[in-house]
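Enquirer: Here is the input, now give the coordinates:
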Amino acid sequence: MRLAAGSIAVGLLVLGLKLVAWWLTGSVALYSDALESTVNVAAAVAALVAIWLSSKPADRNHPYGHHKAEYFSAVLEGVLIIVAALSIARAAWGALTEPFAPDFSVPGLAVNAAASVINGIWATILIRVGRSRRSPALAADGRHLVTDVVSSVGVLAGVGLAAVTGWFILDPILALLVAANILWSGWGLVKSSVSGLMDEAVAPEELEAIRTVISRHADGALEAHDLRTRHAGRVTFIDFHLVVPGEMSVCEAHEICDRIEAALRAVVGEAVITIHVEPEDKAKHTGVVVL
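Expert: Numbers count the residues shown, from 1 in each chain. Down below sits the predicted model:
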């Protein structure tokens with residue numbers, strides 16, 4: 001929550017700096033850079049609301065919790081990015097059809113560069129914490145800021161080249177390239193978030209780690225089959241059927257389940273695990289073999 005709130009403050013600071021840079025130069029490319037920062041602020045607000053909602057405990061109407069709220073934030077951020085890209089493209093097209101000579105002042109470029117440095121530092125923090133806390137909203141916000149930094153570096157380099165060569169048409173062309181880059185970033189965010197909303201399975205390497213944990217910690221059982229996984233925000237949902245000898249007591253089977261659950265949580269972190277115990281005549285001889 002503190003990081004999400006911090007993103008709003010950083011976003012407003014960067015937006016202010018980039019607006020000053022645009023005001024000092026009149027560059028369409030720097031205008032496009034500033035416009036993307038307005039999306040950063042809106043996305044940061046959406047991320048804060050989503051993280052607050054996802055942290056609420058499960059209730060009668062939401063027995064599985066509110067973790068998917070973060071995916072809605074990421075989808076919204078992707079849509080906002082696409083809207084920003086279209087707005088930038090419109091401004092760039094206007095500059096192409098009615099060209100003018102911007103004032104490429106050194107102070108304006110320096111202010112924009114300072115804003116990019118701030119964005120780069122904050123993006124690194126968001127991505128690192130987003131991954132460690134498994135927060136799609138924070139990670140998406142960080143990836144978006146990385147895109148913003150890359151765009152800003154390209155814009156500064158291009159604007160500097162235009163100032164040196166006098167090829168002012170480079171300014172709107174750069175703005176169009178920024179719009180295309182932002183559009184691609186927005187599509188990636190929407191795609192990854194929709195995958196989470198559609199209960200996509202965990203990544204293959206994580207699934208293999210889960211299978212290995214079950215195999216190594218299910219001593220006393222015979223096999224595990226019908227393994228299913230999905231992510232919901234920072235929580236991993238895992239369910240499977242565990243086959244045990246028919247003469248095994250409920251207490252013994254329960255101890256095996258407890259051992260598996262503890263081992264899984266040590267590997268995947270926060271998780272909701274459901275294990276359906278079955279007698280050996282239900283074995284399918286497929287899935288996870290107990291070592």
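
Enquirer: Following the helix or strand hosting residue 127 in sequence, what is the next regular element?
Expert: Using DSSP states H and E, residue 127 sits in helix 106-132. Next in sequence after helix 106-132, counting helices and strands by DSSP H and E, comes helix 136-165.

Enquirer: what helices or strands is that next one leaning on?
Expert: Under the contact definition 3 or more CB pairs under 8 Å, 6 or more residues apart in numbering; DSSP states H and E, helix 136-165 sits against helix 2-25, helix 28-54, helix 69-97, helix 106-132, helix 170-197. (Each C-beta comes from the backbone N, C-alpha and C, glycine too.)

Enquirer: Please work out which of those is packed deepest.
Expert: helix 28-54 (a mean of 24; mean count of other CB atoms under 10 Å).

Enquirer: Is it correct that residue 114 is in contact with residue 17?
Expert: Yes. If you go by CB atoms under 8 Å, residue 114 and residue 17 touch, sitting 6.2 Å apart.

Enquirer: what's residue 61 sitting at in phi/psi?
Expert: Main-chain dihedrals, residue 61, degrees, to the nearest 10: phi -80, psi -20.

Enquirer: Next one: the closest residue to residue 125 other than its chain neighbours, what pLDDT does it get?
Expert: For residue 125, ignoring the flanking residues on the chain, the nearest one in space by CB to CB, 6 or more residues apart in numbering is residue 3 at 7.2 Å. At residue 3, the pLDDT value in this model is 80.

Enquirer: mind listing what residue 3 touches?
Expert: 125-126, 129, 138 (CB atoms under 8 Å, 6 or more residues apart in numbering).

Enquirer: now it: how far from residue 120?
Expert: Distance of residue 3 to residue 120, given as CB to CB, to the nearest Å: 16 Å.
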